[in-house]
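J.: Everything below, folded, please.
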Amino acid sequence: MRLPGWWPLALCTLLGALLGGGHALLTDRAYAARGYVLVTRPEADQSAAVGLAQSYGRVATSDAVLRMARTDAGAAAGDLRGRVTASTSPDAPMIEITGRAGSPQAAARAANAVAQALIAYGNEARGRTDATLSRFAEAAPPSRAISPAPGLSLAVGGSAGAVTGCLALLVRAGGAGTGRRRAPLPAQVDKGTAPGVSETVR
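T.: As a prediction, this is how the structure comes out:
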């Protein structure tokens, strides 16, 4: 039975999707948990509290804070630096602490440990800043991993396979075109030297 001409495209797409799915199954999962710290100032405008929140957001992953958090997090400060990030809002005096780990519990533990350390660090300077840091929301163990995403891996693998299949079809078409040879044209015959042709005697 002769295969259809588009079989390389179908085969490459299927293989790409299988490879993408295998990558999603074999890659270690990563989880992210988020907690929030609130900055408040008595009898102060909102902009002052927002500015302080942005300042504390920049020091949330500093050595001083991470050293305070390492015991509760159960990890070294250097390890926490690569697993915990902090972000702030330009409109609200809120600091988001995100912890990442290979398990939901470890991700939440890292985020909560750094958040608590930041609260302690900021409240030590309350006499100078007149600001109070408090926990707005505790990080909870996430129910889903942030990576790898099986659907995305399948789509990327299938797309890469489809591109490879299209290239294979183009190569085949080009090879078939160059493999065809034009039939030679019949040689022009010189009437004076052609066999069996004699000159007419006048």
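J.: And the residue lying closest to Ala60 once chain neighbours are set aside, what's its pLDDT?
T.: Spatial nearest neighbour of Ala60, chain neighbours left out: Ala86 (3.6 Å); criterion: CB to CB, 6 or more residues apart in numbering. In short, each C-beta sits where N, CA and C put it, glycine included. Per-residue pLDDT puts Ala86 at 97.
J.: Please list all residues in contact with Ile95.
T.: 36-39, 53, 56-57, 60, 86-88, 115, 118 (CB atoms under 8 Å, 6 or more residues apart in numbering).
J.: Which stretches in the protein count as strands?
T.: Using DSSP state E, the strands of the chain run over 31-40, 84-88, 94-101, 132-137.
J.: among the ones you listed, which is the most enclosed?
T.: Greatest average neighbour count among the strands of the chain goes to strand 94-101 (a mean of 23), per mean count of other CB atoms under 10 Å.
J.: Mean confidence (pLDDT) on that one, please.
T.: 97.
J.: report the angle between the axes of it and strand 84-88?
T.: Interaxial angle, strand 94-101 versus strand 84-88 (axes from the mean of the first three to the mean of the last three CA atoms, to 10 degrees): 160 degrees.
J.: Could you list the paired strands of strand 94-101 along with their orientation?
T.: strand 31-40 (antiparallel), strand 84-88 (antiparallel) (DSSP bridges).
J.: Any idea which of those gets closest to Ala110?
T.: strand 84-88 (5.6 Å; CB to CB).
J.: what sits up against that closest one?
T.: 53-54, 57-58, 60-61, 66, 94-100, 110-111, 114, 118.
J.: which residues does Thr98 contact?
T.: Counting by CB under 8 Å, 6+ apart, the residues that Thr98 touches are 32-34, 84-87, 111.
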